[in-house]
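In: Could you look at this predicted model? Sequence included:
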Amino acid sequence: MRGKVIEFLRAKDYKFIDEIGQGGTGRTVLLEDEIINERFVCKKYSPFYEEHQQLFFNNFKQEIKLLHLIYHKNIVRVFNYYLYPEQHTGYILMEHIKGSDIYKFLKENPDRLNDIFTQTIEGFKNLEANKILHRDIRPDNILVANDGTVKIIDFGFGKKIGFDDNYNKSISLNWRYNPPADFDNKIYDFKTEVYFIGKLFEEIITENELQNFSYTTLLKKMTLHDYEKRMGSFFEVQRKITSNESIGIEFNGEDKNIYLRFASCLSDIYSKINVDSEYTTDIDKIITELEGVYRNSMLETYIQNHNSIAKCFVKGDYRYYRKREIDVDIVKDFLNFIKSVSKDKRKVIINNIWQRLDTIEREISEDDLPF
């Protein structure tokens with residue numbers, strides 16, 4: 001019957017393998033599921049001070065909710081959880097990452113510096129897209145697996161809301177690096193996290209005397225003490241990385257023509273874009289949605305619904321022209337083109353489209369007007 005509670009009565013047993021660590025909010029151990037021969041990291045919520053057990057239990061549940069929101073190769077994966085509200089405790093079962101922390105890995109593998117940097121930015125860009133602040137950025141919380149994959153872990157202080165009194169003490173006590181000017185104004189946002197990631201890589205590069213870093217200028221913009229002058233988001237950082245990497249990527253004349261026809265038609269659709277709107281960053285999602293637009297108009301000469309194509313690239317409010325003509329074959333050619341190229345080339349293509357959309361006039365929504 002729909003709505004009926006399904007009970008799983010069989011207890012699940014795990015074999016204890018090793019102690020991983022004890023932090024301020026709990027104990028972490030390594031367990032093994034002998035049935036499927038897999039190991040998992042298990043984090044138990046158990047604050048160091050007993051009086052905090054009930055006080056921060058909701059924060060522990062919030063961590064579980066945050067991790068269930070995301071599925072990304074550079075972020076630790078949660079497989080299951082067990083909550084015991086009466087005892088104000090619980091457990092999170094996560095993937096076991098075989099590797100080392102980012103500092104140790106780069107000390108032993110300095111040639112991987114650029115790759116590890118770009119992977120780290122990708123992971124934090126995904127957190128940013130999900131509006132999740134990590135709030136505990138340090139080498140111990142960014143691991144690198146044995147296969148070279150960056151994994152961001154430990155969201156004990158992560159949350160979806162901004163700076164507040166409940167976290168003032170914790171964020172002032174746990175920073176490895178000098179805090180930015182943001183803290184003076186009680187600001188903690190993604191611009192602040194850009195700063196701390198920048199400082200982390202600055203420390204690794206300086207202390208290990210690494211010489212092969214390709215993004216020195218970008219790192220300086222990430223670590224500016226002045227909040228207003230600093231790089232604004234991980235999305236912006238990733239765009240700069242893509243622009244840098246695109247120098248060695250080439251497209252032939254036919255590819256350029258296909259891109260130009262589509263990009264010109266697309267940018268002509270928008271009349272204004274709201275300042276709070278964002279670009280869609282998931283390239284696979286863009287392709288899937290464009291395929292839907294094409295299927296719905298494939299028997300037509302022109303795209304019938306301009307909004308259907310405009311919303312593929314912009315999340316949020318915008319204004320668009322209804323009477324501009326977009327040839328269906330132009331969309332078809334662009335789809336075939338972007339699906340046929342490598343992931344690196346796809347990033348360059350979408351980044352160029354974003355640069356065109358950057359030139360569209362921005363407007364403030366009526367709700368944001370002072371009068």
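Out: Perfect, I can see it now. Just so it is clear, the model here is predicted, and its values are computed rather than measured.

In: low-confidence ranges in the stretch 51-200 of the chain?
Out: 156-175 (pLDDT under 70).

In: and if we set it to 90?
Out: Scanning the stretch 51-200 of the chain for pLDDT under 90 picks out 51-71, 77-94, 129-136, 154-179, 181-188.

In: quick one: the helices in it?
Out: With DSSP state H, counting those that start in this stretch as the criterion, the stretch 51-200 of the chain has helices at 52-55, 57-69, 102-108, 113-129, 165-173, 190-207.

In: Which among these is found nearest to G26?
Out: Taking Cβ to Cβ, helix 57-69 is the member of the helices of the stretch 51-200 of the chain nearest to G26, at 7.8 Å. For glycine as for every other residue, the C-beta is placed from the backbone atoms N, C-alpha and C.

In: List the buried residues of that closest one.
Out: The neighbour-count check on helix 57-69 (16 or more other Cβ atoms under 10 Å) flags 57, 59-60, 62-64, 66-67 as buried.

In: Name the nearest of those relative to C312.
Out: Taking Cβ to Cβ as the measure, C312 lies nearest L66 of those, at 27.5 Å.

In: And that closest one, how far from V78?
Out: Shown here: L66 relative to V78, a distance of 9 Å by Cβ to Cβ, to the nearest Å.

In: and what of A310?
Out: Taken as Cβ to Cβ, the span from A310 to V78 is 35 Å.

In: Which segments of this structure make up each domain?
Out: Domains of the chain are assigned by automatic domain parsing as 15-95, 100-247, 250-368.

In: so how far is the first residue of the shortest one from its last?
Out: Distance between the two ends of domain 15-95: 15 Å, counting by Cα to Cα, to the nearest Å.

In: For stretch 204-216, buried residues please.
Out: By 16+ other Cβ under 10 Å, the buried positions in stretch 204-216 come out as 204-205, 213, 215.

In: Give me the average confidence score over it.
Out: Stretch 204-216 comes out with an average pLDDT of 93.

In: Please state the offset of it from the chain centre?
Out: Relative to its chain's centre, stretch 204-216 lies at 24 Å (Cα atoms, centre = their mean, to the nearest Å).

In: Identify the residues contacting it?
Out: Contact partners of stretch 204-216, identified using Cβ atoms under 8 Å, 6 or more residues apart in numbering, comprise 102-103, 106-107, 110-111, 113-114, 117, 139, 201, 219, 240-241, 244.

In: got it, and stretch 16-27?
Out: Contacts of stretch 16-27 (Cβ under 8 Å, 6+ apart): 28-32, 39, 41, 43-48, 56, 59-60, 156.

In: Now it - C-alpha only, PDB.
Out: Taking Å, rounded to 0.1, in the frame of the first residue of the first chain, the C-alpha atoms of stretch 16-27 are listed here in PDB:
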ATOM      1  CA  PHE A  16      36.100  -2.900  13.000                       C
ATOM      2  CA  ILE A  17      39.400  -2.300  11.100                       C
ATOM      3  CA  ASP A  18      41.000   0.700  12.600                       C
ATOM      4  CA  GLU A  19      40.700   4.000  14.400                       C
ATOM      5  CA  ILE A  20      40.900   7.000  12.100                       C
ATOM      6  CA  GLY A  21      40.600   9.900  14.500                       C
ATOM      7  CA  GLN A  22      38.800  11.800  17.300                       C
ATOM      8  CA  GLY A  23      37.600  15.300  16.600                       C
ATOM      9  CA  GLY A  24      35.600  17.900  18.500                       C
ATOM     10  CA  THR A  25      32.300  16.600  17.100                       C
ATOM     11  CA  GLY A  26      32.900  12.800  17.100                       C
ATOM     12  CA  ARG A  27      34.900   9.700  16.500                       C
END
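
In: how far out from the middle of the chain is that stretch?
Out: Mean-position distance between stretch 16-27 and its chain equals 27 Å (Cα atoms, centre = their mean).

In: pLDDT on it, on average?
Out: Mean pLDDT, stretch 16-27: 81.

In: For the spatially most central residue of the chain, which non-adjacent residue is closest in space?
Out: In the chain, the residue lying closest to the centroid (Cα atoms, centre = their mean) is N126, at 1.2 Å. Of all residues not flanking N126 in the chain, H72 sits nearest, at 4.4 Å (Cβ to Cβ, 6 or more residues apart in numbering).

In: tell me the contacts of that neighbour?
Out: Contacts of H72 (Cβ under 8 Å, 6+ apart): 122-123, 126.

In: ok, now how distant is it from I132?
Out: Distance of H72 to I132, computed by Cβ to Cβ: 11 Å.
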